[in-house]
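Student: got a predicted model here, sequence first, then my questions.
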Amino acid sequence: MEPKLRSLYSDQNNHTLDGVTSENVAELFNSTVMVLDPLTASPSALPVPTHGALSGSGHDRSTEPTLALPLSLQNNDVSHVVGVENRIQTGNIVKNISCLENVTKMQSTYGAWMGDAARPDDARRWLADHFSGRVIVEYQNVSSFQDGGRKLIDIERFYQGCGHLIYDGSLYFHKAGSNRLHKLHLETTRTNILTMENTGYKNLRYLFHNSKTYFKFAVDEKGLWVIAASSVNHTLVVARLNRDPFSVEAIIHTGYPAAKAGNGFIAHGALYITDAKDKKITYAFDLEKGIAVDASLDLRPADGILAMLSYYPKEQLLYMWDNRSVKICNVYFTPNEKELQNE
């Protein structure tokens, strides 16, 4: 007999989501942010929902904002783009990755092993076993994982892939079979939902095929992001996210083919992508400047499945779920211009 799952939910009622319809979605698009043309990497203006328009309501479920990625970008004038001058700056670039010898053994080939990226002093760890499921396992610390002490959390819907994230007490994940991203607060059980139109989410058109992942959440020194694949041309797009309300601030088109990507992470405002076998980092893209950056870094020598690759900015550590083991790696950066001037 299967063990009874312990759920954090206090209300088991079914609630209707107040979805955004095609008739009223245009009313939400009344501010502009920087976007990059996938062919020329030149900045373009794209309206996205304002913060006020995306505010949630209700205790258990929020309104469901819908964001459509642009099928074509026509406006190359950035003179009226909000906040571009504040975001364009020289960032650090990864120069070396060095993994520790100690590893944590896992039972499954696929999964996500997570700490709270916003709370490095929180010793708890969360496990999403396999690339599909509806149970998250919480451990008080790494030792309790070894000892078997755990708490089971039924999130009441199936997640897909290995691209989840715990950030500031909330679980961010992709709901399987849909183009919906969920933010679940683990204490209050409040859920916010963001629908991403024009992104791949079915028919095995994965963002990262090796880990069966359609959407990959990431956090770095700049904030919260999600990586996806365009359903139009199957190239990588990155959305910069607001946490509250759960919404999209900006969309960046890299033009990089998803078919060539093994996995990826974001650090200091730059996207890093591995090759199809996940052995090397072969592509980097500065999300703030909108330009590709030279990148060629060894990541791992072994064959097999790399299920998870997640950067933790407060500790500058990279977590890898590699061949049924979780490795922790130190990430080293080149100094930026300001640091060089202070030397």
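Tutor: Structure received.
Student: you'd agree Gly264 is up against Ala270?
Tutor: No: taking contacts as CB atoms under 8 Å, Gly264 lies outside contact range of Ala270: 10.6 Å. For glycine as for every other residue, the C-beta is placed from the backbone atoms N, C-alpha and C.
Student: more neighbours: which of those two?
Tutor: Gly264 (26 against 22; other CB atoms under 10 Å).
Student: could you pull up the contacting residues of the more buried one?
Tutor: Residues in contact with Gly264, defined by CB atoms under 8 Å, 6 or more residues apart in numbering, are Phe208, Lys216, Ala218, Ile227, Leu236, Leu271, Tyr272, Ile273, Thr274, Leu309.
Student: could you pull out the helices for the stretch 101-250 of the chain?
Tutor: 142-147 (DSSP state H, counting those that start in this stretch).
Student: re earlier: quick one: which of the contacts of Gly264 is nearest to Val135?
Tutor: Lys216 (20.6 Å; CB to CB).
Student: my guess is the closest one meets Val226, correct?
Tutor: Yes: with contact defined as CB under 8 Å, Lys216 and Val226 form a contacting pair (6.8 Å).
Student: higher neighbour count, the two?
Tutor: Counted by other CB under 10 Å, Lys216 and Val226 do not tie: Lys216 has more neighbours, with 29 against 24.
Student: show the pLDDT at the more buried one.
Tutor: You'll see Lys216 listed with a pLDDT of 98.
Student: beta partners of it?
Tutor: Ile227 (DSSP bridges).
Student: isn't Ala292 right up against Ile273?
Tutor: No: counting by CB under 8 Å, Ile273 is not a contact partner of Ala292; they are 10.4 Å apart.
Student: pull up the overlap in contacts between these two.
Tutor: Both Ala292 and Ile273 are in contact with Tyr283, Ala284, Phe285, where contact means CB under 8 Å, 6+ apart.
Student: counting neighbours, which of these comes out on top?
Tutor: Counting by other CB under 10 Å, top hit in the shared contacts of Ala292 and Ile273: Phe285 with 26 neighbours.
Student: and the gap between that residue and Ala267?
Tutor: Going from Phe285 to Ala267 by CB to CB, to the nearest Å gives 12 Å.
Student: with Tyr167 instead?
Tutor: 15 Å.
Student: so for those two, which sits in the more crowded spot?
Tutor: Ala267 (24 against 20).
Student: for the more buried one, give me its contacts.
Tutor: Asn92, Val94, Asp220, Glu221, Tyr311, Pro313, Gln316, Val331, Phe333.
Student: make JSON lines from those residues and add secondary structure to it.
Tutor: JSON lines is the format used below for the contacts of Ala267 (DSSP: H, G, I helix; E, B strand; the rest coil):
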{"residue": "Asn92", "secondary structure": "coil"}
{"residue": "Val94", "secondary structure": "strand"}
{"residue": "Asp220", "secondary structure": "strand"}
{"residue": "Glu221", "secondary structure": "coil"}
{"residue": "Tyr311", "secondary structure": "strand"}
{"residue": "Pro313", "secondary structure": "coil"}
{"residue": "Gln316", "secondary structure": "coil"}
{"residue": "Val331", "secondary structure": "strand"}
{"residue": "Phe333", "secondary structure": "strand"}
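Student: buried ones among those?
Tutor: Among the contacts of Ala267, those buried by neighbour count (16 or more other CB atoms under 10 Å) are Asn92, Val94, Asp220, Tyr311, Pro313, Gln316, Val331, Phe333.
Student: can you pull the contacts of the second one?
Tutor: The neighbourhood of Val94, defined by CB under 8 Å, 6+ apart, consists of Ala267, Ala270, Tyr272, Ile281, Ala284, Ala295, Leu297, Val331, Tyr332, Phe333, Thr334.
Student: how much space separates the third one from Leu318?
Tutor: Spelled out, it's Tyr272. 9 Å.
Student: and if you look at the fourth one?
Tutor: Distance, Ile281 to Leu318, using CB to CB: 10 Å.
Student: overlap of the contact sets of these two?
Tutor: Counting by CB under 8 Å, 6+ apart, the common neighbours of Ile281 and Leu318 are Ile97.
Student: ok, residues contacting stretch 101-116?
Tutor: Stretch 101-116 is touched from outside by 122, 124-131, 142, 145, 162-169, 211-212, 305, 307-308, 310, 312, 319, 321, 323-328, with contacts defined as CB under 8 Å, 6+ apart.
Student: show the buried residues in the residues you listed.
Tutor: Members of these classed as buried by 16+ other CB under 10 Å are 124-131, 145, 162-167, 211-212, 305, 307-308, 310, 312, 319, 321, 323-324, 326-328.
Student: identify the residues contacting the nearest residue to Lys95 once chain neighbours are set aside.
Tutor: Leaving aside its sequence neighbours, Lys95 sits nearest to Thr334 (CB to CB, 6 or more residues apart in numbering; 4.9 Å). With contacts defined as CB under 8 Å, 6+ apart, Thr334 is in contact with Asn92, Ile93, Val94, Lys95.
Student: overlap in contacts of Tyr272 and Leu318?
Tutor: Phe265.
Student: neighbour-wise, which of the two wins?
Tutor: Set Tyr272 next to Leu318 and count neighbours by other CB under 10 Å: Tyr272 wins out with 26 against 22.
Student: dump the residue contacts of the residue nearest to the spatial centre of the chain.
Tutor: Central residue of the chain (CA atoms, centre = their mean): Phe217, 0.9 Å from the mean position. Phe217 makes contact with Gly163, His164, Leu165, Tyr167, Tyr172, Phe173, Leu181, Leu224, Trp225, Val226, Ile227, according to CB under 8 Å, 6+ apart.
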